[in-house]
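Engineer: predicted model, plus sequence, below.
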Amino acid sequence: MMDDKTLVSQVLSGDRQAFRVLIKQHERLVGHMIARLVDQQEDREELCQDVFLRVYEKLGEFTFQSKLSTWIATIA
């Protein structure tokens, strides 16, 4: 498992595989957060995708003031 700073750095440099790793490491967290609020499976899947799109868009603003997982959970 890659540490968060390395992972974020690689994603920001355009490494698509690193972003896949980020998704894989946090997909259960995001799924759990959304499932607590949304009943429909289709809606949950779409919202999970939206969360990771937002993560990708905002990753440059992440300052490591918290854990990456905490930041992602806040977005979810």
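Structural biologist: Arrived safely.

Engineer: helices along this protein, start to end?
Structural biologist: Counting by DSSP state H, the chain has helices at residues 4-12, 16-35, 41-58, 68-75.

Engineer: tell me what the longest one is packed against?
Structural biologist: By that I understand helix 16-35. Here helix 16-35 is seen to pack against helix 4-12, helix 41-58, helix 68-75 when contacts are counted using 3 or more C-beta pairs under 8 Å, 6 or more residues apart in numbering; DSSP states H and E. Using the backbone N, CA and C atoms, a C-beta is placed for each residue, glycine as well.

Engineer: ok, the shortest one next?
Structural biologist: Applying 3+ C-beta pairs under 8 Å, 6+ apart, one finds that helix 68-75 contacts helix 4-12, helix 16-35, helix 41-58.

Engineer: for stretch 14-34, buried residues please.
Structural biologist: Buried residues in stretch 14-34, defined by neighbour count with 16 or more other C-beta atoms under 10 Å: Ala18, Phe19, Val21, Leu22, Ile23, Gln25, His26, Val30, Gly31, Met33, Ile34.

Engineer: do stretch 54-73 as well
Structural biologist: Those buried within stretch 54-73 under the rule 16+ other C-beta under 10 Å are Val55, Leu59, Phe62, Leu68, Trp71, Ile72, Ala73.

Engineer: what's the farthest-apart pair in those residues?
Structural biologist: Considering C-beta to C-beta, no two members of the buried residues of stretch 54-73 lie farther apart than Leu59 and Ala73, which are separated by 14.7 Å.

Engineer: make JSON lines from the buried residues of stretch 54-73 and add distance to Leu7 to it.
Structural biologist: As requested, the buried residues of stretch 54-73 are arranged in JSON lines below (distance: C-beta to C-beta, whole Å):
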{"residue": "Val55", "distance to Leu7": "12"}
{"residue": "Leu59", "distance to Leu7": "10"}
{"residue": "Phe62", "distance to Leu7": "11"}
{"residue": "Leu68", "distance to Leu7": "8"}
{"residue": "Trp71", "distance to Leu7": "13"}
{"residue": "Ile72", "distance to Leu7": "12"}
{"residue": "Ala73", "distance to Leu7": "16"}
